[in-house]
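Chemist: All I have is the shape, not the residue letters:
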């Protein structure tokens, strides 16, 4: 398994990340609840030609898990500090779900500071997540019942629930229970994982702008948007709507793949990124 091998300090909290390769920088940011392990195939592939940096987002993986809400502004500020402190010149920003939202928001604020965006299954906040938990989300925008928090915290500790959550990240094809799958499941077993997931859920409303995204941002760097056609976390119809609004240079739905299309369709995805970057 590819392990984190570096630490970055953000206001007293350590951010763990894996770094390998040489060349122009490429930063990878994962979805909530997982770690940089989802990018294993991309790390191995692109570190041959790029300086690849794959984060464990604050609250997950080997990074610190402070008792604060994990929000879009917080994650964007971490990314901004990291790029500035390491003097990275126009990195390619690649993200999945919350990681994709962070990349898009950073590039919207600093369009000249990223070479390109590779956005997978962009998180649309609380409203979009009703697709995942339709009976646990209140109708008030960006809010949840206290009963939901208590229930989510309790049931997330159960082993069979952890396995079902990981399984739902995949699409309709048979799950390959390889080291990536095992790494994700092991992360779910971290004793502080339930707390981290609740802290992210409580900050999820800050990602709401990407649900029915109405902007067509001007000046974005070249952008690729990828979505799992059998995504059981974020509905593909939202991805198609986002593509219509953002009008990416490349937009693609990976049929039969889920929330982890970079794992399930790794070879095809890598080839598409190469062509896009060229």
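Modeler: Arrived safely. Given the structure is predicted, the values throughout are model-derived calculations rather than measurements.
Chemist: Please count neighbours and contacts with C-alpha atoms only from this point.
Modeler: Noted.
Chemist: quick check: longest helix of the protein.
Modeler: What stands out as the longest helix in the chain, according to DSSP state H, is helix 72-85.
Chemist: what's in contact with it?
Modeler: 8, 10, 57-58, 98, 101-103, 105-106, 203-204, 206-207 (CA atoms under 8 Å, 6 or more residues apart in numbering).
Chemist: could you redo the last one with a cut-off of 6 Å?
Modeler: Under the contact criterion CA atoms under 6 Å, 6 or more residues apart in numbering, helix 72-85 has outside partners 102, 106, 206-207.
Chemist: Check those and tell me the two furthest apart.
Modeler: Pairwise distances across the contacts of helix 72-85 peak at 14.0 Å for 106 and 206 (criterion: CA to CA).
Chemist: Specify which residue of those two has the higher count of neighbours.
Modeler: Neighbour totals were compared for residue 106 and residue 206, and residue 106 leads with 21 against 18 (other CA atoms under 10 Å).
Chemist: out of everything not next to it in sequence, what's closest to the more buried one?
Modeler: Spatial nearest neighbour of residue 106, excluding adjacent residues (CA to CA, 6 or more residues apart in numbering): residue 76 at 5.9 Å.
Chemist: just residue 17 next, same as before
Modeler: Residue 17 sits nearest to residue 55 (CA to CA, 6+ apart), 4.3 Å away.
Chemist: ok, and what's touching stretch 198-209?
Modeler: Contacts for stretch 198-209 (CA under 6 Å, 6+ apart): 69-72, 124-126, 142.
Chemist: distance of residue 20 from residue 73?
Modeler: 27 Å (CA to CA, to the nearest Å).
Chemist: in the stretch 101-250 of the chain, which spans are helices?
Modeler: 125-129, 146-155, 159-168, 179-188, 193-202, 236-246 (DSSP state H, counting those that start in this stretch).
Chemist: Deepest in the core, which of those is it.
Modeler: helix 125-129 (a mean of 24; mean count of other CA atoms under 10 Å).
Chemist: what mean pLDDT does that helix have?
Modeler: Taken as a whole, helix 125-129 has an average pLDDT of 68.
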